[in-house]
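>>> Build me a model from this:
(2 chains, ligands or ions: 2)
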Amino acid sequence: MQLDARIPGGPLADKWDAHRFALPLVAPPNRRRFEVIVVGTGLAGAGAAATLGELGYQVKVFTYNDSNRRAHSISAQGGINASKDYRNDGDSTHRLFYDTIKGGDYRSREANVYRLAQLSNEIIDQATAQGVPFAREYGGTLANRSFGGTQVARTFYARGQTGQQLLLGAYQALARQIHAGTVTSYTRCEMLEVVVVDGKAAGVVVRDMVTGEISSHSAHAVVLATGGYSNAYFLSTNAKACNVTAIWRAHRKGALFANPCFTQIHPTCIPASDEFQSKLTLMSESLRNDGRIWVPQAERETRHPRDIPEDQRDYFLERRYPAFGNLVPRDVASRAAKREVDAGKGVGSLHNGVYLDFAESLARLGHDVVTERYGNLFEMYERITGENPYEMPMRIYPAPHYTMGGLWVDYDLMTTVPGLYAIGEANFADHGANRLGASALMQGLADGYFILPTTVAGYLAGMLGKKPVPPSHPAFAAAEAEVKDRTNRLLAAKGSRTVDWFHRELGKIVWDECGMARTADGLRKAIADIPALQEEFHRDVRILGSGEDINQALERAGRVADFFELAQLMCRDALNREESCGGHFRVEHQTPDGEALRNDDEYAYVAAWGFDGPGVEPTLVKEHLEFENVELKTRSYK
Amino acid sequence: MDLTLRVWRQAGPDRPGAFEEYRAREISEDASFLEMLDVVNERLTLEGKEPITFDHDCREGICGTCGIMINGKPHGGQKGTATCQLHMRKFGNGDVIVVEPWRAAGFPVLKDLMVNRSAFDRIIEAGGYIGVDVGSAPEANLIPVPKAVSELAMDAAACIGCGACVAACPNNAAQLFTAAKVAHLNLLPQGQPERFARVEAMVDTMERFFGSCTNHGECEAACPKSISIDFIALLNKDYVRAKRINRAMVSRA
Ligand SMILES: Cc1cc2nc3c(=O)[nH]c(=O)nc-3n(C[C@H](O)[C@H](O)[C@H](O)COP(=O)(O)OP(=O)(O)OC[C@H]3O[C@@H](n4cnc5c(N)ncnc54)[C@H](O)[C@@H]3O)c2cc1C
Ligand code: FES
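Ligands and ions are numbered 1, 2, ... in the order given. Here you go, the predicted structure:
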């Protein structure tokens, strides 16, 4: 199989414009003749569904949450990037593009990233017009802060709740379309199968999570905006329900899965405290603007941090990366913290964290300024740990956070299944091997508000006059039967262990072998161990109740079943990639001072995997990345 | 710590419900309330008893999915804290904890502790937005917004839509939820064109599902985001003006 990303020709800066002109359009009166399904109401999905509704298409939108307002996007704290250059500090479209490509360790497509940078400003305009209460200066204009991996201040934020406010903006735009009748919304409704007819996406099969009813929905095009798969690690910063099922089911139906091993481990999370821990809490990266990261120089230090004199502390990021200091990109910061903890310098009673210290900022800026910037984060930290960050440095440690991998998509955001699109975190497109902070919100909204609504018209235009495949088509009946069969098998196991037990065990393997540092031996071991655990899961899982009403254990079991399959692909992909880049660190490939060692000659490609049946070795298809506008350099933040 | 839970169990929307008692032994003080329920559910499952159904997602106090009446208080009564952020260190060894769903006609119980809060979505759909299609937004700095106004709008916009305000109110009124959205949008210059249509439509929809506000103020105390009831005054003011203005507009048309 050959992959064609269908990147338009011409100069980088003109590609999107030229492409928009070249794409066929659907005239306003014809739009209502087209039906589009959007799965997911995060920034990407709510943005796309609302915009498609505004344009006049007939949209059905599905979410497993009880309201469109609650998607995982709501948790994003820190902010959203745009190259407005309001600060007059040398920012530009090209600089945002360059930072994102470099931050992604040269494993993303130039054309996609450039388009993202171009659209970034319009996102801020749109959100502001919707009433998103971004932080402002006293003169009434918008404020900015800086984030890791950049030397300009281009991040827009709404206190520590940027994702919430952006999502509410999109949710409200969606509510307006629901009210107008262009969008029909299905909440507490989980998509469990993609239906493909004659090689094209024809619709989805969903389960009503309240009544257990399985039903089919067809459309001219299907958009998956179902988020990332960090919960493969069990413990992550993602919301508990985040899962891979939607895109995994699409993968099984023919959509290639790209770069599954590119996962991001976020440096500033609260370290785990015990076995019962159900998730890890992120402390916004914006804290690194004013907090200094350090560990004691002595191993297994037990003194109170305030009793450790300056000359016995190691501000290891400032020491190793003087140019960027505490603001190095996430992958670099995470690995550096791991190195210190592995060397026995970890802090806290379990010695599993590093300090993030605000003492100096409190002295320099005063209590009020620090409170204004980070007050809610400090409160959140105190609520969870019982420690007060105004008096005692925070303890932080990396945790799985974001997945750069996802369904392979072309420049139009279409997967390898015609008519099936993937947007937001669900696709692989823009962040390469590492995502810069405040860029996921930007990408989700660029995809949802601007790109997908434009490109999908190009596909729909060719179907004018054709009705969608009816849900009475036998392919839907077959997909429904498959879903029911899977559900029944899970319920029938009647084993001796809970779903969470298996998920936790799986998570441990993935974290140990496919987390912050990966080795060929470890990955091979994981590839051998996961199927054994998977087999045990299907034999020994215990789910009580039935499929005919609300059954949360059953919902989780379906997701965990798909995580088992995904986890194997993550490990295979990590094993295949004999280099270190971004979030993917292969211990065998590092410089003498422990930095990632890329191999551009052999691995400057997107690894897109096909599904050839359960337990069968998947096929690898490579999309070679061409770099015409940036020079591939060793990323240096020194 | 060892606890006794008295938990509301209800198999479905139209089924009768009742309290059942469970022992929760050896719970860590560092566990969150929901993690404690996770542990109880794991044990129930192994004992062959159906686990307790409860809503949750982000587990960091921002999505508004969780919401449990704990000892008669929404989210357990710790100031500015959602159920998922409540930690067991706030309870004492040997405590008996009563665990119930939100009780409100506007939020019918679906199962055990899970309720249907879609009435909130209906209120937003009625007018809780600024009608600006993608593509038609002006440059973001074109309309300056005084910092104080923007901060106040943000205070209101912080609502997570959990429904604690309704659950806390003796009348099951949804004034605080509605006022928070109305205030967020009506305070901003961008929200002015639809200001009066918005407030009237939202309040009228709210009244189809929820009781009337008689100024008890329980909602503010229960709100995990400490949203102020001052916004209800703003809502009332705009609503009264809206009735007059909207009528005048209708008669002019
Ligand atoms: C704690 C935290 C903080 C973050 N902070 C920032 C930040 O400051 N800046 C930034 O840029 N990024 C941040 N991110 C990343 C960013 O929030 C996410 O990448 C982004 O919001 C993802 O948006 P999305 O629309 O792609 O998916 P999501 O918001 O995850 O939405 C997925 C949607 O799909 C639905 N769904 C999924 N599967 C199914 C199914 N099978 N059936 C039906 N519905 C389904 C869900 O219900 C949901 O509506 C943060 C992430 C975390 C975890
Ligand atoms: S689970 Fe999200 S607010 Fe509690």
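>>> Would you mark the buried spots in stretch A:375-384?
For stretch A:375-384, burial by neighbour count (16 or more other C-beta atoms under 10 Å in any protein chain shown) applies to A:376-384. Bear in mind the C-beta positions are built from the backbone N, C-alpha and C, glycine included.
>>> now, which of those residues lie within helices?
A:376-384 (DSSP state H).
>>> and chain B, which of these reach it?
Among these, the ones lying near chain B by C-beta under 8 Å from any C-beta of the partner chain are A:379-380, A:383-384.
>>> From these, pick the one nearest ligand 1.
Each of those was scored against ligand 1 by C-beta to the nearest ligand atom, and A:Met380 proved nearest at 10.8 Å.
>>> Now do the contacts for the closest one.
A:281, A:283, B:60-61, B:85 (C-beta atoms under 8 Å, 6 or more residues apart in numbering or on different chains).
>>> Which of those are buried? Put it as a ChimeraX command.
The ChimeraX selection below is limited to those of those classed as buried (16+ other C-beta under 10 Å):
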select /A:281,283 /B:60,61,85
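>>> how about CSV for the contacts of A:Met380, with distance to ligand 1 added?
Output for those, formatted as CSV (distance: C-beta to the nearest ligand atom, whole Å):
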residue, distance to ligand 1
A:Thr281, 8
A:Met283, 9
B:Glu60, 7
B:Gly61, 12
B:Gln85, 14
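>>> of the contacts of A:Met380, list those near ligand 2.
Residues of these in contact with ligand 2 (C-beta under 6 Å from any ligand atom): B:Gly61.
>>> With respect to B:Val250, which of the contacts of A:Met380 is nearest?
B:Gly61 (42.8 Å; C-beta to C-beta).
>>> Quick one: classify that closest one as helix, strand or coil.
What DSSP: H, G, I helix; E, B strand; the rest coil gives for B:Gly61 is coil.
>>> In contact with it, which residues?
Taking C-beta under 8 Å, 6+ apart, we find B:Gly61 in contact with A:380, B:81-82, B:84-85, B:160, B:224.
>>> Quickly check those residues for the two that are furthest apart.
Using C-beta to C-beta, the contacts of B:Gly61 span at most 13.4 Å, a distance reached by A:Met380 and B:Ile160.
>>> Identify the residue of chain A closest to chain B, quick one.
A:Gly140 (2.9 Å; C-beta to the nearest C-beta).
>>> pretty sure that residue contacts B:Lys147?
Yes - contact criterion C-beta atoms under 8 Å: A:Gly140 and B:Lys147 qualify, at 6.8 Å.
>>> Which residue lies closest in space to B:Arg195, excluding its sequence neighbours?
B:Asn186 (5.0 Å; C-beta to C-beta, 6 or more residues apart in numbering or on different chains).
>>> Can you give me the buried ones in the one helix or strand the one you found maps to?
Per DSSP states H and E, B:Asn186 falls inside helix B:175-187. By 16+ other C-beta under 10 Å, the buried positions in helix B:175-187 come out as B:175-187.
>>> ok now do the residue in the stretch 51-200 of chain B that chain A sits nearest to, which residues does it touch?
Closest approach of the stretch 51-200 of chain B to chain A (C-beta to the nearest C-beta) occurs at B:Pro144, with a separation of 2.9 Å. If you count contacts by C-beta under 8 Å, 6+ apart, B:Pro144 has them with A:136, A:139-141.
>>> How much space separates it from ligand 1?
Distance, B:Pro144 to ligand 1, by C-beta to the nearest ligand atom, to the nearest Å: 25 Å.
>>> In three-state terms, how would that residue be classified?
With three-state DSSP as the basis, B:Pro144 sits in coil.
>>> still on that earlier bit, I'd say the residue nearest to B:Arg195 and B:Met202 touch.
No - shown here, B:Asn186 and B:Met202 do not form a contact pair, counting by C-beta under 8 Å, at 10.2 Å.
>>> how close does A:Phe21 sit to A:Glu54?
According to C-beta to C-beta, to the nearest Å, A:Phe21 and A:Glu54 sit 21 Å apart.
>>> Look at the two and report which has more neighbours.
Under the neighbour definition other C-beta atoms under 10 Å in any protein chain shown, A:Phe21 and A:Glu54 were set side by side, and A:Glu54 has more, 24 against 10.
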